[in-house]
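J.: Below is the sequence, then the predicted model.
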Amino acid sequence: MNIALLVAVPLGLAFASILHKKLAPVLLLIGSLFVLVGLSFTEYGETVIGGFDAPYGIHLLLDHYRLIGLYIVNILFFVVIIMNIKTYQKMATVLLVSLAGLNGLMMTGDLFNLFVFLEITGISAYIITSTNKHPLASFQYLVAGTLGSSLYLFGLILLYAMFGSLNLADLASQITLLEDKTLVLLPFLLMFLGFGVEVKLLPLNSWVKGILSSANTLSGPMIASVYAAAMSLVFGRILHDLFIFEGRFQILVSVILLVSILAGEAMAYQTRKVKEILLYSSIAQAGLVVLLFVSGLATWALFLVMANAISKMILFMVIAEATKNQDDELDSLRGLFAKNKVIGLGFTIASLSVIGLPAFMGFVVKMHALEFLFAEQLYLSILAILLASVVEGIYFVRMLLELWAPSEYRFTFPVKMQYILLVLALILVFFGLTIEPLQALIEGIESTLQGGILWQV
Amino acid sequence: MIQIAGILLMMLGLYGILTNRNIIKIIVSLNILEIGLNIFIISIGFVRAGEAPLFSSEAKSNALVFVDPLPQALVLTAIVIGVGTTALGLAFAKQIYAKYQTFELDEMGEE
């Protein structure tokens, strides 16, 4: 199957859904299912758009890394929509557009095309967050997002002025040949700041609090899990492919990321609001993911994105559902799981995986990351990750103890949600106990990540 | 020269976004920033004494030096996206006004 259909079909259905508004939710399900099924019929390689070969024309690429990313994003997207399709029927068209945008974002091999997809996903994300009924937060997200993508565009146009190309692989091979790597410092910083907005890195992540602290079952999992996964993977890809981190350059970026991680953990530690705990924790996790990409550990960063996306999906879905009609203070949610054992089990597994306890996917990923950082003698990063994990452990366990406390609290979760989330949680356990499936994937991913011409499969 | 003008407009827009406390003014600043960026992008493709990059069976050109058409195509896309974002921003501004009866961030009683 032509991979362009993964973008074209959801986009076409989005137009159709405007004409037939009543059918929109059905079209959304069809679009999402089509992409999920279609992924297994795709082949590695590239699709040229518009008849101009790379590096002159736009092209979409599929390799191991992108395919795994597409699976993660599309499966989680499907989970979010089947749980929200009834409540948020009006969002169907926007969700179809965002699906097209996310798939395009993951596959494109052209930096400007990436900007266009970034804006498509961005605009649909702003509209999705408008379901929070908190227009000021959505507006702040829009301003931050637009500012970020403008900075990204500024960076890419500087790269175009320097190298005369917008093709990711072409640029990568030209930058590799560059003698004075400091020449790409400015475009790098601009793109780093631009993507930093979407990936929730310091200093441009102020929008996160407004959006996620009032998130519902659609916007919470969508922004914190699906979007976060897609953006981290694309950002990681650019970081890994285009820029080489050495010496002072690496120290500078690492320090920004370490501050992002530790600040996120510290803020999560000091708050008593459950949604804030989760959102600050995801800021810290985003910093960790980018740190792994910057340190040259793309494979395990990919798995960390996967573990985080699944965990955050469960955590945000549960809390958004539980706080539908009440506030999210830890004290008012005390005893939430006393009568909801299944959902409590899923939530606990997801939390323990984020902390990185053995037998969960988070542990496997963190362990390998630490081993690698140790071999590379990046002791500062190791120290920060360990410290962050301890702080994470404290506030997550504190939260779990409150939520599991015996009480008369009465709230029942939808049955559908209970079992879907439990299945997701079991995936975390599965990958935590057996490492073979991940290792089988590693070889495939690394073969597509090495060398200058990164898209050759 | 035109590049400096573009960057100055961008800086002006950025300053506006950071210092203004009025929703509409923030949207205007965002637009100024985008216009500055678009001017900068256009300037990248500028070639002194270059011809317009038109070449078809009717308009045959013997010019040896063409202006780079790619940045112009990029700007066209960027302008369309900018219009979309501005429209959405104004829609949010309308919702904000309906909720708080003001465009001033300081008068809304929350951050």
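T.: Okay, I see it.
J.: so which strand or helix has residue A:41?
T.: Residue A:41 is part of no helix or strand when elements are defined by DSSP states H and E.
J.: What is the burial count for residue A:355?
T.: Using other C-beta atoms under 10 Å in any protein chain shown, residue A:355 has 23 other residues around it. C-beta: built from backbone N, CA, C; applies to glycine.
J.: Mind pulling the model confidence for the residue of the stretch 201-350 of chain A found nearest chain B?
T.: The nearest approach of the stretch 201-350 of chain A to chain B comes at residue A:210, 7.9 Å away (C-beta to the nearest C-beta). Looking at residue A:210, its pLDDT is 85.
J.: go on, the one 10 residues further on?
T.: Here the pLDDT value assigned to residue A:220 is 91.
J.: My guess is it contacts residue A:319. True?
T.: Yes: contact criterion C-beta atoms under 8 Å: residue A:220 and residue A:319 qualify, at 7.4 Å.
J.: of those two, who's got more company?
T.: residue A:220 (30 against 23).
J.: And the residue nearest the centre of chain B, how far from residue A:374?
T.: Per C-alpha atoms, centre = their mean, the C-alpha nearest to the average position across chain B is that of residue B:34, at 2.3 Å. Computed as C-beta to C-beta, to the nearest Å, the residue B:34 to residue A:374 distance reads 46 Å.
J.: Kindly report the same for residue A:347.
T.: Relative to residue A:374, residue A:347 is positioned 32 Å away (C-beta to C-beta).
J.: neighbour-wise, which of the two wins?
T.: The neighbour comparison of residue A:347 against residue A:374 (other C-beta under 10 Å) goes to residue A:347, with 27 against 12.
J.: need the contact list for the more buried one.
T.: Applying C-beta atoms under 8 Å, 6 or more residues apart in numbering or on different chains, we find residue A:347 in contact with A:314-315, A:318, A:337, A:400, A:403, A:421, A:425.
J.: Spell out the secondary structure type for it.
T.: Each residue gets one of three states, and residue A:347 gets helix by DSSP: H, G, I helix; E, B strand; the rest coil.
J.: For whatever helix or strand residue A:315 lives in, name the packing helices and strands.
T.: Here residue A:315 sits within helix A:298-322, counting by DSSP H and E. Judged by 3 or more C-beta pairs under 8 Å, 6 or more residues apart in numbering or on different chains; DSSP states H and E, the packing partners of helix A:298-322 are helix A:64-84, helix A:219-221, helix A:228-242, helix A:274-294, helix A:341-355, helix A:361-375, helix A:415-433, helix A:436-449.
J.: which other residues reach stretch A:37-56?
T.: Under C-beta under 8 Å, 6+ apart, the answer for stretch A:37-56 is A:1-6, A:9, A:57-64, A:67, A:70-71, A:74, A:109, A:165-167, A:169-170, A:455, A:457.
J.: First-to-last residue distance for it?
T.: 31 Å (C-alpha to C-alpha, to the nearest Å).
J.: Next, the buried residues of that stretch.
T.: Residues A:38-39, A:42, A:44, A:46-47, A:54-55 are the ones in stretch A:37-56 that count as buried (16 or more other C-beta atoms under 10 Å in any protein chain shown).
J.: returning to what we had before: what touches both of residue A:220 and residue A:319?
T.: With C-beta under 8 Å, 6+ apart as the test, residue A:220 and residue A:319 both reach residue A:275.
J.: neighbours around residue B:94, how many?
T.: 12.
J.: is chain A contacted by the helix or strand where it lies?
T.: Residue B:94 is part of helix B:69-100, with elements assigned from DSSP H and E. Yes: using C-beta under 8 Å from any C-beta of the partner chain, helix B:69-100 reaches chain A at B:70-71, B:74, B:77-78, B:81, B:84-85, B:88-89, B:92-93, B:95-96, B:99-100.
J.: Just the buried ones from those?
T.: Applying 16+ other C-beta under 10 Å to the residues of helix B:69-100 next to chain A, the neighbour count classes B:70-71, B:74, B:78, B:81, B:85, B:88-89, B:92-93, B:95-96, B:100 as buried.
J.: So which residues on chain B come close to chain A?
T.: Contact residues (C-beta under 8 Å from any C-beta) of chain B with chain A: B:10, B:14, B:17, B:23, B:26, B:30, B:33-34, B:37, B:40-41, B:44, B:70-71, B:74, B:77-78, B:81, B:84-85, B:88-89, B:92-93, B:95-96, B:99-100, B:105, B:108, B:110-111.
J.: Please verify my assumption that residue A:291 contacts residue A:256.
T.: No: counting by C-beta under 8 Å, residue A:256 is not a contact partner of residue A:291; they are 9.5 Å apart.
J.: who's more crowded, those two?
T.: Neighbours per residue (other C-beta under 10 Å) separate residue A:291 from residue A:256, with residue A:291 holding more: 26 against 20.
J.: List the contacts of that one.
T.: A:254, A:257-258, A:261, A:381, A:385.
J.: Could you list the contact residues of chain A toward chain B?
T.: So chain A meets chain B at A:112, A:115-116, A:119, A:123, A:126-127, A:130, A:135-136, A:138-139, A:142-143, A:146-147, A:150, A:153-154, A:157, A:160-161, A:166, A:210 (C-beta under 8 Å from any C-beta).
J.: Can you flag which of those residues belong to helices?
T.: With DSSP state H as the criterion, helices contain A:112, A:115-116, A:119, A:123, A:126-127, A:135-136, A:138-139, A:142-143, A:146-147, A:150, A:153-154, A:157, A:160-161, A:210 from among the residues of chain A next to chain B.
J.: Now do the SS call for residue A:333.
T.: coil.
J.: returning to what we had before: possible to save the contacts of residue A:347 as CSV with pLDDT and neighbour count?
T.: CSV is the format used below for those (pLDDT from 0 to 100; neighbours: other C-beta atoms under 10 Å in any protein chain shown):
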residue, pLDDT, neighbour count
A:314, 93, 28
A:315, 93, 28
A:318, 91, 28
A:337, 87, 25
A:400, 93, 17
A:403, 89, 25
A:421, 90, 27
A:425, 92, 26
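J.: just curious, which of these is nearest to residue A:31?
T.: residue A:421 (23.3 Å; C-beta to C-beta).
J.: isn't that closest one right next to residue A:343, touching?
T.: Yes: between residue A:421 and residue A:343 there is a contact at 6.4 Å, judged by C-beta under 8 Å.
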